[in-house]
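K.L.:
Turn this into a model:
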Amino acid sequence: MMSGQASGHDLLKQCKAAFLTVKGSTKEHIESQDEFCKALQQCGRSPSLKILQNYWQEEKGQVSFSKFCSVVKSEEAVTEQQLVDAFRKLDVSGDGFISHEEFLRVMTSKGEKMSPHEVRRVFENADVNKDGKLDYKEFSKMIMKTADECQKVAQERMDKMLSRRSRHLSEDHHQPNSTTTGKSTPEPKPRRSLSYLKALPVKKQTDDNVHQLHKTAVLHLKHKVHRPQNLQDWHHLHTKGVIFLEEDGSIVSHRYTLKLPRSSSVWINMQPISISGNESVTPIDTELFVLRNDEEVTEKGLVTFTENRDKKGMYYIRAHLEAGKYLLLPTSTGCRLTSRKHQPKSESKLLRKDKEGVTLTKAFRQALTEIFKMCDLDDNGLLSRQEFNYFNLRTSGEEVADDEWAVVQENVSLQDGELTLAGFIDLHQMEAEDNNGDTEDLWVTLSTMGYNRNLQLDEASLFKLNVYLDECVGDLVTSDTFSFDSKAEKSICHSVRMKGSSRSLKTNENIVVYTYSSDARVTIDGCVTVLQSSHMARVQVDCSKSSNCVSHRGTLVFQLNLPSKSLKIAHHLLPENEAEDWIVASVENVTK
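P.N.:
Residues are numbered from 1 along each chain as shown. This is a model prediction of the structure:
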């Protein structure tokens with residue numbers, strides 16, 4: 001509300017509702033100053049045009065949701081008294097009214113000027129008695145009331161959006177059971193369909209345009225891990241994390257800040273963990289980028305990244321870092337962590353109902369046990385309030401408020417002030433009882449944590465991160481958000497340009513293709529150096545002649561739309577079978 005300072009919990013909801021009035025998702029960026037101003041005003045913030053422009057210039061024309069929240073927190077909400085005090089300065093007679101002439105003179109000549117037409121419209125709406133005078137105290141109340149109503153409408157709009165998403169998630173599994181309802185529920189829409197790209201117009205391909213890389217089977221390579229000999233004597237920091245696949249196909253993950261009081265040699269490794277214990281499944285690929293904290297993502301800001309891995313899928317870095325703060329960004333190419341095309345035909349039961357009430361099934365309890373392990377980042381068998389907060393942020397988008405944590409403390413099992421597995425399961429038992437056995441909210445929780453309707457974890461992957469420091473004792477802090485930002489993608493692009501090879505297209509020398517190749521991954525980027533017009537360059541990157549390869553695009557043929565001076569990823573490529581050799585063959589052509 002504008003009339004007072006919102007709590008942290010309410011402020012986050014307020015920010016989200018305001019952001020969604022101008023963007024379709026909190027994963028998007030505000031890309032115009034008008035949108036930025038509108039969203040801030042929706043939160044009751046009214047910074048001057050100069051301050052607004054300063055924020056805008058700092059963000060270089062792109063404001064993420066997390067940055068928007070920080071701006072809202074730093075700007076005071078406008079109060080009714082502040083409005084009255086501002087209007088009182090215009091009340092020369094001190095009778096509580098402002099004449100139309102005085103209002104027009106000030107609003108068209110001082111501060112952020114309005115046009116006479118705009119002033120007239122405002123005054124006509126505010127002059128209830130039509131006597132040419134403005135009761136500015138009543139006008140201030142009207143402004144505050146209108147602002148509060150706008151916030152309520154935005155909140156209702158957001159709630160409806162989340163409700164529709166929840167219903168969509170719960171309806172995904174009701175596939176072809178038409179005999180019970182007389183109607184067939186349509187198949188869920190695929191999240192990423194690129195089949196239309198096969199019909200793109202391209203120039204005739206010739207063999208001399210094909211660029212090939214012959215790669216040895218990953219499992220046959222003689223991986224020599226350059227682990228420090230006295231590693232057991234180094235200071236060890238460790239945590240777990242989860243990589244999630246979002247509905248739009250983007251990758252989000254925990255991220256971390258590494259704080260070093262002085263320079264040190266570091267050894268960092270990151271490895272996927274099989275939460276089900278099935279080690280026969282090929283693990284997803286992981287990557288870790290180390291950036292200088294609070295710097296723009298450039299080749300200078302990118303310090304290092306994981307290039308090497310062993311046969312078990314452990315990726316590692318050995319480097320020397322100066323004293324300071326570093327941002328650690330884990331991610332995955334998405335080649336093996338892919339969107340499910342449809343829900344399994346069979347659905348696991350979450351609850352059993354009888355005369356005594358509802359109880360959780362064994363299968364559901366097992367899934368909750370796995371989720372508990374995913375959230376137990378320090379791996380101590382308990383969930384701290386912070387770890388439980390990560391779970392709540394992921395599944396509901398909201399932080400755990402003090403009163404909510406108090407309910408947890410009063411009703412379920414805790415140990416040393418932290419939530420036990422039994423207590424975590426009991427919370428879901430309580431939720432099932434409160435909902436009278438309705439499983440819709442339970443399925444939303446499972447879906448956001450990466451589970452399908454058969455309780456299989458197929459859109460998320462757990463990993464373990466180890467940081468060893470030789471010359472100092474540092475600190476590793478987990479971020480409190482899963483929001484996607486462009487830093488990971490920019491880091492990948494810059495790493496390819498830093499370490500990869502480059503070549504210009506014969507048909508257009510302004511278009512450069514960068515190719516990065518390691519033992520286990522190949523990434524192809526497209527770059528436009530200069531365009532003669534404002535139009536985009538369209539480049540088709542065709543890897544269909546490759547052998548034993550899989551792309552994160554879901555297809556080996558993809559078209560890049562490249563604005564001037566841009567750098568974008570065309571393909572991440574991995575071997576489909578790591579026990580076999582693989583060949584990457586790419587052809588790039590400018591399309592119409």
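K.L.:
And whatever helix or strand residue 498 lives in, what's buried?
P.N.:
Per DSSP states H and E: residue 498 is located in helix 487-499. Residues 487, 488, 489, 490, 491, 492, 493, 494, 495, 496, 497 are the ones in helix 487-499 that count as buried (16 or more other Cβ atoms under 10 Å). Quick note: C-beta positions are derived from backbone N, CA and C, even for glycine.
K.L.:
helices or strands next to the helix or strand that that helix is followed by in the packing?
P.N.:
Reading on from helix 487-499 to the C-terminus, the next helix or strand found by DSSP H and E is strand 501-505. On a contact count with 3 or more Cβ pairs under 8 Å, 6 or more residues apart in numbering; DSSP states H and E, strand 501-505 meets strand 508-517, strand 582-590.
K.L.:
Let me see the mean pLDDT of whichever strand or helix holds residue 16.
P.N.:
According to DSSP H and E, residue 16 maps onto helix 8-19. Across helix 8-19, the average pLDDT comes to 77.
K.L.:
from the chain's centre, how far out does the helix or strand just after it sit?
P.N.:
Following helix 8-19 in sequence order, the next helix or strand is helix 33-42 (DSSP H and E). Helix 33-42 sits 21 Å away from the centroid of its parent chain (Cα atoms, centre = their mean, to the nearest Å).
K.L.:
and if you look at stretch 222-234?
P.N.:
Chain-centre distance of stretch 222-234: 34 Å, with Cα atoms, centre = their mean.
K.L.:
can you give me the end-to-end distance of that stretch?
P.N.:
The first and final residues of stretch 222-234 sit 27 Å from each other (Cα to Cα, to the nearest Å).
K.L.:
Can you name the next helix or strand after whichever strand or helix holds residue 374?
P.N.:
The secondary structure element spanning residue 374 is helix 362-375 (assigned by DSSP H and E). Next along the chain after helix 362-375, taking DSSP H and E as the criterion, comes helix 385-396.
K.L.:
now the angle from that next one to helix 8-19?
P.N.:
For helix 385-396 against helix 8-19, the angle by axes from the mean of the first three to the mean of the last three Cα atoms, to 10 degrees is 30 degrees.
K.L.:
related to what we said a few turns ago, for the buried residues of helix 487-499, which one is nearest residue 441?
P.N.:
Set against residue 441, the nearest of the buried residues of helix 487-499 by Cβ to Cβ is residue 488 (30.6 Å).
K.L.:
Tell me if I'm right that that closest one and residue 332 touch.
P.N.:
No. Look at residue 488 against residue 332 with Cβ atoms under 8 Å: they stay out of range, at 9.7 Å.
K.L.:
Could you name every residue contacting both of the two?
P.N.:
Shared contacts of residue 488 and residue 332 (Cβ atoms under 8 Å, 6 or more residues apart in numbering): residue 251.
K.L.:
Nearest to residue 316 among the buried residues of helix 487-499?
P.N.:
Ranked by distance to residue 316 (Cβ to Cβ), those are led by residue 495 at 15.5 Å.
K.L.:
Leaving out chain neighbours, which residue sits closest to the closest one?
P.N.:
In space, and not counting its chain neighbours, residue 495 is closest to residue 305: 5.1 Å by Cβ to Cβ, 6 or more residues apart in numbering.
K.L.:
now swap in residue 436 and tell me
P.N.:
residue 358 (7.9 Å).
K.L.:
Which other helices and strands does the helix or strand residue 270 falls within contact?
P.N.:
Here residue 270 sits within strand 264-273, counting by DSSP H and E. Packing partners of strand 264-273 (3+ Cβ pairs under 8 Å, 6+ apart): strand 287-292, strand 315-321, strand 460-469.
K.L.:
what's next to the shortest one, contact-wise?
P.N.:
Okay, so that is strand 287-292. Identification of contacts with strand 287-292 by Cβ under 8 Å, 6+ apart yields 258, 268, 270, 297, 300-306, 315, 317, 319, 321, 324-333, 465, 487-488, 491-492, 495.
K.L.:
hmm, try it at 7 Å
P.N.:
For strand 287-292, the external contacting residues (Cβ atoms under 7 Å, 6 or more residues apart in numbering) are 268, 270, 297, 301-306, 315, 317, 326-332, 488, 491.
K.L.:
Hmm, residue 16 and residue 69 touching each other?
P.N.:
No. Residue 69 sits out of contact with residue 16 when judged by Cβ atoms under 7 Å, with a separation of 8.5 Å.
K.L.:
Residue 378 and residue 580: what is the separation?
P.N.:
Note on residue 378: its distance to residue 580, by Cβ to Cβ, to the nearest Å, is 39 Å.
K.L.:
still on that earlier bit, mind listing what's buried in the helix holding residue 16?
P.N.:
Buried residues in helix 8-19, defined by neighbour count with 16+ other Cβ under 10 Å: 11, 12, 13, 14, 15, 16, 17, 18, 19.
K.L.:
From residue 59, how far off is the fourth one?
P.N.:
In other words, residue 14. 20 Å.
K.L.:
Tell me, how many residues neighbour residue 359?
P.N.:
Using other Cβ atoms under 10 Å, residue 359 is surrounded by 16 other residues.
K.L.:
tell me which element residue 433 is part of?
P.N.:
Using DSSP H and E, residue 433 maps to helix 421-434.
K.L.:
Name the residues that touch that helix?
P.N.:
Counting by Cβ under 7 Å, 6+ apart, helix 421-434 makes contact with 351, 357-358, 360, 365, 368-369, 372, 383, 408, 411-414, 441-442, all of which sit outside it.
K.L.:
next one: stretch 466-475
P.N.:
Applying Cβ under 7 Å, 6+ apart, the contact partners of stretch 466-475 are 231, 234-238, 258-269, 476.
K.L.:
Try it again at 8 Å.
P.N.:
228, 231, 234-238, 258-270, 323, 328, 476.
K.L.:
Which of those residues are buried, as a ChimeraX select command?
P.N.:
This is the ChimeraX syntax for the buried subset of the contacts of stretch 466-475, where burial follows 16+ other Cβ under 10 Å:
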select :234,237,258,260,264,266,267,268,269,270,328,476
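K.L.:
the bottom helix or strand of the protein by mean pLDDT?
P.N.:
Scoring the helices and strands of the chain by mean pLDDT, DSSP states H and E places helix 178-181 at the bottom, with a mean of 37.
K.L.:
which element follows that one toward the C-terminus?
P.N.:
Where DSSP H and E defines the elements, the next helix or strand beyond helix 178-181 is strand 211-215.
K.L.:
what's next to that following strand, contact-wise?
P.N.:
Residues contacting strand 211-215 (Cβ under 8 Å, 6+ apart): 503, 515, 517, 519, 522, 575, 581-587.
K.L.:
got it, and stretch 69-86?
P.N.:
With Cβ under 8 Å, 6+ apart as the contact definition, stretch 69-86 has outside contacts at 2-6, 11-12, 14-15, 18, 40, 43-47, 51, 55, 63, 136-137, 139-141, 143-144.
K.L.:
Tell me the buried residues within these.
P.N.:
Neighbour counting with 16+ other Cβ under 10 Å marks 2, 6, 11-12, 14-15, 18, 40, 43-47, 55, 63, 136, 139-140, 143-144 as buried within these.
K.L.:
just the strands in the stretch 1-150 of the chain please.
P.N.:
Using DSSP state E, counting those that start in this stretch, the strands of the stretch 1-150 of the chain run over residues 97-99, 133-135.
K.L.:
name the helices or strands packed onto the first one?
P.N.:
To tie it back to what came earlier, the one meant is strand 97-99. With 3+ Cβ pairs under 8 Å, 6+ apart as the test, strand 97-99 has strand 133-135 packed against it.
K.L.:
pLDDT on the strand it packs on, on average?
P.N.:
75.
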